[in-house]
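1. Mind folding the following:
(one chain, ligands or ions: 1)
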Amino acid sequence: MDAVRLEERPAPAALPGDFGVARRFDPTRFDDDVAWRAWRAAKLAEHPRRADELIVPLADPARPTARELDALAEVLGRANMVIYRGPVLDEAGARAAVSGLARACGLRRFERHRSAGDDGLVAIRITDAPRQAGFIPYSDRPLGWHTDGYYAWGGPEAAIQAMVLHCVRPARSGGLNALLDPEIAYLRLRDRDPALVEALMRPGAMLIPPCEEEDGTVRGETIGPVFFRDPATGRLGMRYTARKRHIAWAEDALTRTAVAALVEIMTDDPVIFRLALEPGMGLLADNVLHDRSGFVDADDPAEGRLLLRLRSYDRIALPRPEFTA
Ligand SMILES: [Fe+2]
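-> Numbers count the residues shown, from 1 in each chain. Below is the predicted model of the structure:
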């Protein structure tokens with residue numbers, strides 16, 4: 001199926017100060033210590049400290065009001081992610097809610113995924129459906145740290161930029177998500193040693209061998225960076241997986257040290273948010289780092305954990321503050 005197209009509506013107007021500002025911190029530059037220090041200080045000052053600071057109530061996620069969009073944008077600007085809390089909806093209602101919210105945020109081009117419905121949404125639930133059985137996302141097993149679509153690399157223009165993860169039903173227990181803003185991962189790594197960041201910006205940092213991805217689709221080998229600069233916005237992008245198999249890191253000491261440092265950062269960083277999405281709640285985010293703990297599901301599969309996932313090549317078209325010198 002081709003990329004799903006939702007009803008055409010004009011995207012929200014890009015606000016002044018959003019994209020294309022000249023005085024923006026460039027994450028690929030290591031020779032401008034003033035800009036880096038200013039960005040770092042502002043980023044840490046603005047970033048939320050607790051998961052509950054991420055939560056924005058939405059009366060009807062399918063049709064967010066201008067005021068609600070402002071509230072989403074405010075949190076997104078600080079954390080590159082926001083958790084909305086809407087009414088409890090059944091699967092059909094939740095699908096409409098996620099589609100409406102995505103449209104209101106300017107998300108129109110969705111990942112071609114063989115498990116996606118006509119609305120671009122993928123239902124994440126335990127299943128023994130032939131196409132999904134055996135793959136960790138569709139099981140009760142833990143899912144390690146990753147960014148969505150890390151296994152593909154067609155350049156920064158073709159990266160997954162945004163995601164929605166909406167909870168229809170939680171697990172009986174477990175199934176928590178940990179979330180980490182890639183800008184924080186970058187910042188911590190650069191604090192340790194800028195050379196570690198530079199190593200992970202090399203085009204050959206991360207190799208995904210052919211014929212392997214999380215849903216089993218056959219795919220050619222991809223080689224690309226972990227950290228990159230989105231040419232449209234100048235902002236940082238990140239690809240990562242904690243998987244040990246079906247990935248080959250560049251074979252040099254600096255890359256190995258950098259990958260080990262990232263693992264440490266993702267283990268105990270103070271601004272990793274851990275939460276269990278409740279029915280009606282959802283994550284609206286850039287392609288942030290996330291994992292999922294293992295879970296125990298309801299006995300009745302019809303009552304089992306059900307999350308809806310949307311991945312988009314579009315950026316969330318809500319204004320962000322600038323962390324500039
Ligand atoms: Fe994911």
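
2. Let me see the contact set for Ala258.
-> By Cβ atoms under 8 Å, 6 or more residues apart in numbering, the residues touching Ala258 are Leu189, Leu196, Val197, Ala199, Leu200. For every residue, glycine as well, the C-beta is placed using N, CA and C.

3. and the two most separated of these?
-> Leu189 and Ala199 (9.5 Å; Cβ to Cβ).

4. For stretch 50-66, give the mean pLDDT please.
-> Average pLDDT, stretch 50-66: 97.

5. what sits up against it?
-> Residues from elsewhere that reach stretch 50-66, judged by Cβ under 8 Å, 6+ apart: 48, 68, 71-72, 75, 79, 81-87, 96-101, 104, 179, 273-275, 281-282.

6. Of those residues, grab the buried ones for ChimeraX.
-> Selecting only the buried entries of the contacts of stretch 50-66 in ChimeraX, with 16 or more other Cβ atoms under 10 Å as the criterion:
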select :48,68,71,72,75,79,81,82,83,84,86,96,97,98,99,100,101,104,179,273,275,281,282
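
7. Which of the contacts of stretch 50-66 fall in helices?
-> Counting by DSSP state H, the part of these found in helices is Glu68, Ala71, Leu72, Val75, Ala79, Ala96, Ala97, Val98, Ser99, Gly100, Leu101, Ala104.

8. which one among those residues gets closest to His166?
-> Among those, and counting by Cβ to Cβ, the member closest to His166 is Val98, at 4.9 Å.

9. The closest one is in contact with Ala162, isn't it?
-> No. Taking contacts as Cβ atoms under 8 Å, Val98 lies outside contact range of Ala162: 12.0 Å.

10. one step back: neighbour-wise, which of the contacts of Ala258 leads?
-> Leu200 (26 neighbours; other Cβ atoms under 10 Å).

11. Wait, a strand at that residue?
-> No. Checked against DSSP: H, G, I helix; E, B strand; the rest coil, Leu200 lies outside a strand; its state is helix.

12. Tell me where the model's unsure across this protein.
-> In the predicted model, the chain carries pLDDT under 70 at residues 1-24, 211-217, 321-325.

13. Mind jotting down where the helices sit in it?
-> So, for the chain - with DSSP H - the helices run 33-46, 66-79, 91-104, 182-192, 194-201, 253-268.
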